[in-house]
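[1] Fold the following.
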Amino acid sequence: MSVTFYDVKIRQSVELPESSVTKTKYERTTKEGKTQIRYALRGKTDDGRNLTKFVGQADWDALDRPVE
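    Numbering: from 1, shown residues only. From the prediction side, this is the model:
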């Protein structure tokens, strides 16, 4: 299985193997004091650039990859 990322530098979609993808969560506190959590997948291109794709919690939970 592969994960599709959008590479801003080359302006194209890039397919990365699932084995090179990790999961991460970005948490922040809003002005109202609530905690907002964004779920993302991170991958690296062949030349070492990082790619990030934001996904929903259901997709994030379904993927069996390590968390950064």
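[2] can you pull out the helices in this structure?
    Using DSSP state H, the helices found in the chain span residues 57-62.
[3] Give me the below-cutoff pLDDT ranges for it.
    Within the chain, no range satisfies pLDDT under 70.
[4] which residue is nearest the middle of it?
    The residue lying closest to the centre of the chain (Cα atoms, centre = their mean) is Leu41, at 1.7 Å.
[5] Isn't that one up against Asp61?
    No: counting by Cβ atoms under 8 Å, Leu41 sits too far from Asp61 to count as a contact (12.0 Å). All C-beta atoms are positioned from the backbone trio N, CA, C, and that covers glycine.
[6] residue with max distance from the center of this structure?
    Glu32 (26.3 Å).
[7] Who are the contact partners of it?
    By Cβ atoms under 8 Å, 6 or more residues apart in numbering, the contact set of Glu32 is empty.
[8] now Thr35
    The contact partners of Thr35, by Cβ under 8 Å, 6+ apart, come to Glu27, Arg28, Thr29.
[9] What distance do you get for it to Asn50?
    25 Å (Cβ to Cβ, to the nearest Å).
[10] do the same with Thr30
    With Cβ to Cβ as the criterion, Thr30 and Asn50 are 26 Å apart.
[11] List the contacts of the nearest residue to the residue nearest to the centre of the chain once chain neighbours are set aside.
    Excluding the flanking residues, the one nearest Leu41 by Cβ to Cβ, 6 or more residues apart in numbering is Lys53, at 4.8 Å. Lys53 is in contact with Val3, Thr4, Phe5, Tyr6, Ala40, Leu41, Arg42, Gly43, counting by Cβ under 8 Å, 6+ apart.
[12] Tyr6 now?
    Gln12, Ser13, Val14, Leu51, Lys53.
[13] ok, and the most crowded of those?
    Leu51 (19 neighbours; other Cβ atoms under 10 Å).
[14] Show me what it bridges to in the sheet.
    Gly43 (DSSP bridges).
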